[in-house]
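S.K.: below: sequence and its predicted model.
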Amino acid sequence: PLWLAPVQAAVLSVSEKAEDYAEKVGRKLKNAGIRFEVDIRADKIGAKIRKSEVSKINVMLVVGEKEAEAGTVSLRRRFLGDLGNIKLADIISELNEEITNKRRLKKSQK
C-alpha cells in the first residue's frame with residue numbers, strides 16, 4: 001500500500017528541459033511529507049517508467065515542458081497506467097488523503 005511504501009512517488013523528467021520543474025515538483029512533495037525520488041537521468045522515459053515499476057513505486061509523476069508550462073504532471077499509477085494530466089496540488093491532496101487514511105485505491109478507481 002502507498003502509505004507503507006518506502007518511496008511513495010517517483011518524479012520522472014521527460015527531457016533535460018524539464019529537470020528544473022521535476023526538482024520543483026520534488027520540493028513540493030517533500031513539503032507535503034510525501035516520500036519520493038526524482039529521476040532526471042538521460043534515459044528514455046520508457047526506461048524510467050520501467051525502473052519505477054520494477055522498484056514497485058505506486059505513483060509516477062511524469063513531467064515535461066508542457067506540464068511545466070501548465071503546472072501539471074502526467075499521473076501514472078502502478079497497475080493502472082496513464083491517468084492523464086492533473087494539477088500538482090490536486091495530486092498532492094489526493095496522495096495525502098490516501099496516506100493519512102491508510103486506504104487502498106478503491107476498486108471503482110481501477
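M.R.: Yep, it's here.

S.K.: show me what contacts Ala70?
M.R.: Contacts for Ala70 (CB atoms under 8 Å, 6 or more residues apart in numbering) come out as Asn85. Glycine gets a C-beta too; all of them are placed from N, C-alpha and C.

S.K.: residues near Ala5, how many?
M.R.: Number of residues near Ala5 (other CB atoms under 10 Å) recorded here: 16.

S.K.: confidence score at Lys107?
M.R.: Here the pLDDT value assigned to Lys107 is 45.

S.K.: and Leu2, by the same measure?
M.R.: pLDDT, Leu2: 87.

S.K.: and it, how many neighbours?
M.R.: 20.

S.K.: which SS state does Leu12 fall under?
M.R.: When classified by DSSP: H, G, I helix; E, B strand; the rest coil, Leu12 comes out as strand.

S.K.: now do stretch 31-38, average pLDDT.
M.R.: Here the average pLDDT along stretch 31-38 is 96.

S.K.: look up how far Gly46 lies from the closest residue to Glu98 other than its chain neighbours.
M.R.: Distance criterion CB to CB, 6 or more residues apart in numbering; nearest residue to Glu98, sequence neighbours excluded, is Leu2 at 5.4 Å. According to CB to CB, to the nearest Å, Leu2 and Gly46 sit 23 Å apart.

S.K.: do Ile86 as well
M.R.: 21 Å.

S.K.: and Glu53, by the same measure?
M.R.: Glu53 is 11 Å from Gly46, by CB to CB.

S.K.: comparing these two, which shows the higher neighbour count?
M.R.: Neighbours were counted for Glu53 and for Gly46 using other CB under 10 Å; Glu53 has more, 15 against 8.

S.K.: would the more buried one count as being in a helix?
M.R.: Yes. With three-state DSSP as the criterion, Glu53 is part of a helix.
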